[in-house]
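*Asks:* give me coordinates for this.
(one chain, ligands or ions: 1)
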Amino acid sequence: MAQLSPFRYPGGKSWLVPEIRRWLSSSKIAPKIFIEPFAGGGIASLIVTYEGLANSAYMGEIDQDVASVWISILNSSDEDVSWLCKKILEFNVTLDNVQKIINGKPRSIKAKAFRTIIKNRMHRGGILAPGSGLLKAGESNKGLHSRWYPETLVKRISIIRKIKRKIVFKNIDAFDLIQRFSHKPNAFYFIDPPYTIGGKRAGKRLYSHNEVDHDILFQKLASVTGSVMLTYDDSPEVRALARRYKFKIKSISMMNSHNATMRELIILKP
Ligand SMILES: C[S@@+](CC[C@H](N)C(=O)[O-])C[C@H]1O[C@@H](n2cnc3c(N)ncnc32)[C@H](O)[C@@H]1O
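*Replies:* Okay, the predicted model is just below:
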C-alpha cells in the first residue's frame, strides 16, 4: 500500500485500509463521495482517492494545528508548498532547532504547518496533544533523527498535490461535515473518532480535541441516507450503542504500535 500521509498519526488507520477497500468496492453506487469527518492523518481519504475507489473525498478535522498541514498541502499555492518543502529539506535536526520551532509562534498557516510537522515527527508517538514529550532514544537510538525522513515527506506532499483536486479539506467540526451530506445516497462516511467512550483514556491522551458525544454521533449517523463505517476499540459500551442504533458489528484483530494484538470493532450501517 502506498504510504501517503505526511503524518505519523497516533491511532492512524493504515491497517484498516483493506476493510475500507472491501466496503467501497462492494457497493455499485457511483459516483462515490468519501467523507472522513475525524480525519487526523487522513490516510483513508488519501488512499481511496489515490486508488480511484471514490471519486472525491471530504476531510474534516477540528484541530487547528493538524488542519494547518492539510490546508497548506491541499488548499495553498504552489509557492507556499515549495516554501514548506524547502523548510523540510533544509531543516537541521538539533535539539535547539527543534525546540525553537516547537516553542515558536508562527503567524502564517504554512509556518504553523511546518511547526506541526516538526512536532509530529519529534514527539513520542507523534502525539500533538499537550503533555506529550520529545523522542529520547528513538529508533535504533538515533534520537530526534529517528523519525525524520525529509525526502519521504516531500515526496508524499508532491503525490498529494497531484490528487488534490479530488480532495476537499475543511477545518470544521465533524458533526457539521456529517450534516452537509446527510441526504446524499452516494456519501460513504468513514468515522474514526477519539476513543473516549466508557472511560477509555487513550483518546484524551492522544488528541487535544477529544470530547465527542458518541451517543449523538451514532444517532446522527443512523439518520443519514448514505453508507457508514465506524471504527472503535472493542468495549461493551460501543457494542451497546451499535445495537441500540441497529448497526452491524464485526470484530477484527490488529497489531498495535507495541506489537500487541488488539481487537477493534468495525461497525456498519446495514
Ligand atoms: C482517531 S483520530 C483519527 C485518525 C485517522 N483516522 C488516521 O488514520 O490518522 C481522531 C481525530 O478526530 C479529531 N477530532 C476530535 N473531535 C473532533 C470533532 N468534533 N470534529 C472533527 N475532528 C475531531 C482529533 O483531533 C483526531 O485528529
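*Asks:* run through the residues of the protein sitting next to the ligand.
*Replies:* 9, 11-13, 37-38, 40-41, 43, 60-63, 66, 173-174, 192-194, 207, 209-210, 212 (CB under 6 Å from any ligand atom). The C-beta positions use only the backbone N, C-alpha and C, and glycine is treated the same way.
*Asks:* which among the residues you listed count as buried?
*Replies:* Burial by neighbour count, judged by 16 or more other CB atoms under 10 Å, picks out 9, 11-13, 37-38, 40-41, 43, 60-63, 66, 174, 192-194, 207, 209-210, 212 from the residues of the chain next to the ligand.
*Asks:* what about the helices in the chain?
*Replies:* For the chain, the helices defined by DSSP state H cover 17-25, 43-50, 64-74, 78-90, 95-102, 109-122, 150-162, 174-180, 202-206, 214-223, 236-244.
*Asks:* report the contact partners of the residue of the chain most remote from its centre.
*Replies:* Here the centre of the chain is the reference, and by CA atoms, centre = their mean the most remote residue is Asp96, at 29.0 Å. Under the criterion of CB atoms under 8 Å, 6 or more residues apart in numbering, the contact list for Asp96 is empty.
*Asks:* show me the domain layout of this protein.
*Replies:* For the chain, the structural domains run 14-77+169-268, 82-162, going by automatic domain parsing.
*Asks:* please work out which of the ones you listed is packed deepest.
*Replies:* domain 14-77+169-268 (a mean of 18; mean count of other CB atoms under 10 Å).
*Asks:* by mean pLDDT, flag the weakest helix or strand of the chain.
*Replies:* helix 202-206 (a mean of 84; mean pLDDT, DSSP states H and E).
*Asks:* just the CA trace of that one, in PDB.
*Replies:* The C-alpha trace of helix 202-206 is given here as PDB (Å, rounded to 0.1, in the frame of the first residue of the first chain):
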ATOM      1  CA  ALA A 202      -6.400   6.800  25.100                       C
ATOM      2  CA  GLY A 203      -8.400   9.400  23.200                       C
ATOM      3  CA  LYS A 204      -7.800  12.000  25.900                       C
ATOM      4  CA  ARG A 205      -4.000  11.400  26.000                       C
ATOM      5  CA  LEU A 206      -3.600  11.400  22.200                       C
END
